[in-house]
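**Student:** Based on what follows, work out the 3D shape:
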Amino acid sequence: MDQMQAYDGPQIVGMDLHRNRSVLLRMTPQGERLERIRIDNSPAALKAEIAKAGPHPQVVLEATYGWYWAADTLQEAGAEVHLAHPLGVKMFGYRRVKTDDKDAADLADLLRMGRLPQAWIAPRQTRQVRELVRYRHKLVGMRTSAKDQIHAVLGK
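**Tutor:** Numbering: from 1, shown residues only. Predicted coordinates for the structure are as follows:
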């Protein structure tokens with residue numbers, strides 16, 4: 001599996017994304033594993049590896065911390081990106097054997113079989129606005145907490 005095999009048909013790529021490194025597993029639509037590779041997270045490294053999957057591969061990654069850069073890079077490279085909903089793939093945590101390779105393979109298999117619970121990939125501008133709204137919500141909560149604490153001290 002770690003040896004690159006000659007195959008030029010459509011490919012499905014499962015990506016187990018982490019903060020510093022990620023695992024990519026390429027497979028055929030029939031489920032034959034072509035290559036597993038571990039990369040350091042950078043747009044250049046991701047583009048170089050996804051280019052091996054041919055034109056317009058289907059790539060699946062889980063909506064975890066830092067997925068934005070990976071999804072944007074993959075889309076720029078011509079991949080059809082699918083975002084796995086974290087609650088839909090929660091069952092991965094209940095397996096006896098949980099490895100990055102197995103997670104990448106399971107994501108690719110779910111996509112291949114049409115059973116992937118997908119999350120919406122918001123456009124870049126929408127994501128930026130959503131981040132600002134989330135941050136404002138957090139700040140408003142902190143302000144409310146500070147006011148509540150002051151009122152509690154004064155009430156004593």
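**Student:** for the lengthiest helix in the chain, the distance to its chain's centre please.
**Tutor:** Determined from DSSP state H, the single longest helix within the chain is helix 124-155. Put simply, helix 124-155 sits 28 Å off its chain's centre (Cα atoms, centre = their mean, to the nearest Å).
**Student:** buried stuff in that helix?
**Tutor:** Buried residues in helix 124-155, counting neighbours by 16 or more other Cβ atoms under 10 Å, are absent. Backbone N, C-alpha and C define where each C-beta goes, glycine included.
**Student:** the helices in this protein, which residues?
**Tutor:** 43-50, 67-76, 100-112, 124-155.
**Student:** the inter-axis angle of the shortest one versus helix 67-76?
**Tutor:** If I follow you right, that is helix 43-50. Put simply, helix 43-50 runs at 50 degrees to helix 67-76, going by axes from the mean of the first three to the mean of the last three Cα atoms, to 10 degrees.
**Student:** So which other helices or strands are in contact with helix 43-50?
**Tutor:** strand 21-27, strand 33-40, helix 67-76 (3 or more Cβ pairs under 8 Å, 6 or more residues apart in numbering; DSSP states H and E).
**Student:** Within its sheet, name the partner strands of the shortest one and how each one runs.
**Tutor:** So that's strand 21-27. Its sheet considered, strand 21-27 pairs with strand 12-17 (antiparallel), strand 33-40 (antiparallel) by DSSP bridges.
**Student:** any residues touching the first one, and which ones?
**Tutor:** So that's strand 12-17. Outside strand 12-17, the residues that touch it by Cβ atoms under 8 Å, 6 or more residues apart in numbering are 22-29, 41, 50, 53, 57-62, 64, 66-67, 70, 79, 100-101, 103-109, 111-112.
**Student:** Good, we can wrap up now.
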